[in-house]
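> what's the 3D shape of this:
(one chain, ligands or ions: 1)
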Amino acid sequence: MNSSASADILYDAIVVGAGPSGCSTALFLARAGHQVLLLDKARLPREKVCGDAVSGKSIGVLRELDLLSQLTKPAHGVINGLMMVAPSGKEVRVPFPNARDLDCAGYCLRRQSTDSILQQAAKSEPTITLIENFAVRSLERDAQGNVCGVSGCDADRATAAPPLNHERTYRARVLVGADGSGSVIARSLSLPPVPPEHTFMAIRGYWSGVAGLSDHIELFFIDQVLPGYLWVFPMGDGTANVGLGILVSDVKKRSKHPNKVLTDAIAQHPQLAARFSNAKLEGSIGAWTIPNGSYVRASSGPGWVLVGDAASLVDPFSGEGVGNALSSGRLAAQAIDAALGKEAGDAPLSASALAHYTSSVESLLRPEMQTSYKLQQASRSKFLLNLFIGKAASKPAFRQMIIDMLGSDEKKEQVADPLFYLKLLLP
Ligand SMILES: Cc1cc2nc3c(=O)[nH]c(=O)nc-3n(C[C@H](O)[C@H](O)[C@H](O)COP(=O)(O)OP(=O)(O)OC[C@H]3O[C@@H](n4cnc5c(N)ncnc54)[C@H](O)[C@@H]3O)c2cc1C
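Numbering: from 1, shown residues only. Modelled structure (predicted):
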């Protein structure tokens, strides 16, 4: 804990959660000259259940934060393409476009490493006060009902009775909920939970000794998880991150536990079984939920904003959330910086000033998530997936169209065009 943390200080912003969304918000705010209190219930660095893929979108924000060169210091896998395997077993490989200024498209590195880079950067900012092991439990409100701070206690004493469980309160002009899926801040604001049809239940483990890993991330569209998929991501340290995601609304309808679906698939799938015959699970399989951007959650109000998973901003097709976590943090910081410039005094920032953040999310992040939702819905159909991947495998022109779609948001929108499906059906 930074010793300057105090209940008497009125911070410009309190950010709850030091994951990618919280660190991004805090860093952009600090670099604009603001005083930030960053709280996390974990002792850092902490583990995070994730697929560990760092895509072009994340790389763009990490470059802006001047942290890109640090990404390749820990063990990492280099990503240059995508392999997709249809339910029929047909497979296709497509190259990814390089990320700007890089000679590859992205990386896979353990989230503990990625997040640690962000957390160390936050720790070295003079205007960020970082408190670890502090669990936020409730919101503070002013006489008008505007959010003006938080209360909580040491996370490792949260179940103890007072005086050991000593509650502390901190105040700020704006509260940023960056506390991930299952956000306590969203719950305390009485926002409805993200519905099960917009949430993936996802699991992952690390396997060593997997044969045939390359610089391609691998997606296997297997029957039991559609419209989700099973992934194999190369970590560059002799292990693969292997996992799958199933919509929460489907989990109950399917009789097998997701861990069993995963272990059965790697033991039996024709394109996986041989590759995993000498593989070993290192540690245990972890699980967490992924709130998708196909659901629109309120993201700002009087004295508060939500970013990252707390705002339900994960790509509904790929399950990629770090990019939008970092991007939403940057957008929130821009809106808060402008609001602090406009509204002097001690009062919580107004809902109308913070609504600029919500408008930015809707205009800059939502369209891609809506397109991805259409892709997710289409990939519930085994027939369409077999046709799509089969055609990409056999027709270079169709494969090129996918490569173009991977590089451009406008081209991705073709999935909403009936002509796209006509092209798919034509030989
Ligand atoms: C299995 C799985 C695979 C995934 N694969 C990928 C992938 O390959 N690539 C990708 O881009 N995304 C992936 N995602 C999504 C990605 O992990 C999230 O979108 C991302 O972590 C969101 O970042 P965040 O900062 O919003 O939240 P988080 O990373 O969850 O951080 C939230 C932080 O808030 C803290 N916190 C929570 N509650 C409190 C509290 N009450 N008080 C104080 N602190 C609190 C937590 O300790 C945590 O540090 C995957 C997710 C899962 C579950």
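
> the ligand contacts on the stretch 51-200 of the chain?
Within the stretch 51-200 of the chain, the residues that sit near the ligand (Cβ under 6 Å from any ligand atom) are 51-53, 135-136, 178-180, 184. Every residue, glycine included, has its C-beta placed from N, CA and C.

> go again using 8 Å as the cut-off
51-55, 58, 108, 111, 115, 134-137, 152, 155, 178-185, 200 (Cβ under 8 Å from any ligand atom).

> looking at those, which are in helices?
Secondary structure assignment by DSSP state H places 58, 111, 115, 184-185 of these in helices.

> of the residues of the stretch 51-200 of the chain next to the ligand, grab the buried ones for PyMOL.
The command below creates a PyMOL selection of those among these that count as buried (16 or more other Cβ atoms under 10 Å):
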select buried, resi 51+52+53+54+55+58+108+111+115+134+135+136+137+152+155+178+179+180+181+183+184+185+200
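
> show me the strands in the stretch 201-350 of the chain, by range?
Listed in chain order, the strands of the stretch 201-350 of the chain (DSSP state E, counting those that start in this stretch) span 216-220, 230-234, 239-247, 280-291, 300-301, 304-306.

> returning to what we had before: of the ones in helices among the residues of the stretch 51-200 of the chain next to the ligand, closest to the ligand?
Nearest to the ligand out of those is residue 184 (Cβ to the nearest ligand atom; 4.0 Å).

> wait, what's in contact with that closest one?
Contact analysis of residue 184 by Cβ atoms under 8 Å, 6 or more residues apart in numbering lists 16, 136-137.

> which of the ones in helices among the residues of the stretch 51-200 of the chain next to the ligand sit farthest apart?
When these are compared pair by pair using Cβ to Cβ, the two farthest from each other are 58 and 184, 24.8 Å apart.

> which ones are touching the spatially most central residue of the chain?
Most central in the chain under Cα atoms, centre = their mean is residue 321, positioned 2.1 Å from the mean C-alpha point. If you count contacts by Cβ under 8 Å, 6+ apart, residue 321 has them with 290, 308-309, 313-315.

> ok, longest helix in the chain?
Per DSSP H, the chain has its longest helix at helix 322-342.

> separation between residue 17 and the ligand?
When Cβ to the nearest ligand atom, to the nearest Å is the yardstick, residue 17 and the ligand sit 3 Å from each other.

> that residue against residue 179, yeah?
Yes - applying Cβ atoms under 8 Å, one finds residue 17 in contact with residue 179, separated by 3.9 Å.

> the closest residue to residue 267 other than its chain neighbours: neighbour count?
Computed as Cβ to Cβ, 6 or more residues apart in numbering, the closest residue to residue 267 that is not its neighbour in sequence is residue 273, at 6.0 Å. Burial of residue 273, expressed as a neighbour count using other Cβ atoms under 10 Å, amounts to 12.

> in this structure residue 273 contacts residue 264, no?
No - contact status for residue 273 versus residue 264: not in contact, 10.2 Å apart, counting by Cβ under 8 Å.

> where in the stretch 301-427 of the chain is pLDDT low?
Judged by pLDDT under 70, the stretch 301-427 of the chain has its weakly predicted residues at 407-416, 418-419, 421-427.

> residues from it in reach of the ligand?
With Cβ under 8 Å from any ligand atom as the criterion, the stretch 301-427 of the chain comes near the ligand at residues 307-311, 313-315, 318-325, 328-329.

> among those residues, name the buried ones.
In terms of neighbour count (16+ other Cβ under 10 Å), the buried residues within these are 307-311, 313-315, 318-325, 328-329.

> can you map out the helices along the stretch 1-150 of the chain?
20-31, 56-64, 111-123 (DSSP state H, counting those that start in this stretch).

> end to end on stretch 42-61, go ahead and measure it.
24 Å (Cα to Cα, to the nearest Å).

> to clarify, my last question referred to stretch 314-330.
So stretch 314-330: terminal residues 16 Å apart, Cα to Cα.

> show me what residue of the stretch 151-300 of the chain gets nearest to the ligand.
Using Cβ to the nearest ligand atom, residue 180 is the residue of the stretch 151-300 of the chain that sits closest to the ligand, at 2.7 Å.

> grab the nearest non-local neighbour of that residue.
The nearest residue in space to residue 180 (Cβ to Cβ, 6+ apart) is residue 309, at 4.6 Å.

> re the thing from before, who touches both of residue 17 and residue 179?
Between them, residue 17 and residue 179 share the contacting residues residue 310, judged by Cβ under 8 Å, 6+ apart.

> thinking again about what came up before, put together JSON lines for the contacts of residue 184, with pLDDT on each row.
Conversion of the contacts of residue 184 to JSON lines gives the following (pLDDT from 0 to 100):
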{"residue": "16", "pLDDT": "98"}
{"residue": "136", "pLDDT": "97"}
{"residue": "137", "pLDDT": "95"}
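
> for the ligand, state which of those residues is nearest.
Using Cβ to the nearest ligand atom, residue 136 is the member of those that lies nearest the ligand, at 3.8 Å.

> related to what we said a few turns ago, for the residue nearest to residue 267, report the pLDDT, please.
Looking at residue 273, its pLDDT stands at 98.

> residue ranges for the strands of the stretch 51-200 of the chain, please.
53-54, 77-79, 81-85, 91-95, 106-108, 128-131, 134-141, 147-154, 168-177, 199-208.

> distance to residue 25 added to the ones you listed, as TSV?
Supplementary listing: the strands of the stretch 51-200 of the chain in TSV, determined by distance: least, Cβ to Cβ, whole Å:
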stretch	distance to residue 25
strand 53-54	19
strand 77-79	26
strand 81-85	30
strand 91-95	34
strand 106-108	22
strand 128-131	10
strand 134-141	15
strand 147-154	15
strand 168-177	5
strand 199-208	23
